[in-house]
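Visitor: give me a 3D structure for the following:
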Amino acid sequence: LAGTLSPAKGVIDLLEAARCLGGDRIRVVLAGRMTAGMARHLAPYGNIFEHLRPMPQEDLAQCYRRADAFCLPSFVEGSALVVQEAMATGLPCVVTPAAGSMVEDGRDGLLVPAGSPDAIACALEALLDDPRLRERLGAEARRTAESCDLGSYGARLVAAYRGEEHVDPAAHACGA
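Guide: A predicted model of the protein is given here:
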């Protein structure tokens, strides 16, 4: 998980999922600034995760490239740029519908219900246990991210505000 670390991002659900999977199977890296009081919430999970302070974009991209998957089990987002960044590096993403992302379940990532550590654990376990699934979803994630440039996003956004139908087949994938 990358970004501002707060309860609304589903951080505790992710850590509970990791606890269910066992510390020897998964290593959670949380990158970003903690909101007030978040360190207290994270204290019981100290042996399950590593916290990285906010960093330049290039360094964050390196973190993505070292990972096997990305998870944002958020309860509410606008449109999470971190998911698009992770997808652009070829990571399969486990997100909630509330994450406001372009992930399509089973195509380029996995959707889980918000507030469900068990569902997060199942999704992460599926990715851990099946390298081919991880590779397929990651490759599709990269293609999805590459198809979402600012020009096409702008056209889809204008069309959406005009109440027009999808401008192209990739419109759903790019969030407009």
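
Visitor: okay, and for the protein, where does confidence drop off?
Guide: 2, 78, 149-157, 160, 165-176 (pLDDT under 70).

Visitor: run the last query once more with 50
Guide: 167-172, 176 (pLDDT under 50).

Visitor: mind listing the strands for it?
Guide: Assigned by DSSP state E, the chain shows strands spanning 28-31, 49-52, 70-72, 93-95, 109-111.

Visitor: in TSV, list these along with mean neighbour count and distance to residue 18.
Guide: Placement of C-beta: from N, CA and C, glycine included. Converted to TSV, those look like this (neighbours: other C-beta atoms under 10 Å; distance: least, C-beta to C-beta, whole Å):
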stretch	mean neighbour count	distance to residue 18
strand 28-31	19	5
strand 49-52	14	7
strand 70-72	27	9
strand 93-95	29	12
strand 109-111	24	16
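
Visitor: how about the ones you listed in a markdown table, adding distance to residue 22?
Guide: Below are the strands of the chain laid out as a markdown table (distance: least, C-beta to C-beta, whole Å):
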| stretch | distance to residue 22 |
| --- | --- |
| strand 28-31 | 12 |
| strand 49-52 | 14 |
| strand 70-72 | 16 |
| strand 93-95 | 17 |
| strand 109-111 | 20 |
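
Visitor: quick check: residue 31 vs residue 7, distance?
Guide: Separation of residue 31 from residue 7 (C-beta to C-beta, to the nearest Å) stands at 17 Å.

Visitor: that should have said residue 101, apologies.
Guide: Distance from residue 101 to residue 7, counting by C-beta to C-beta: 19 Å.
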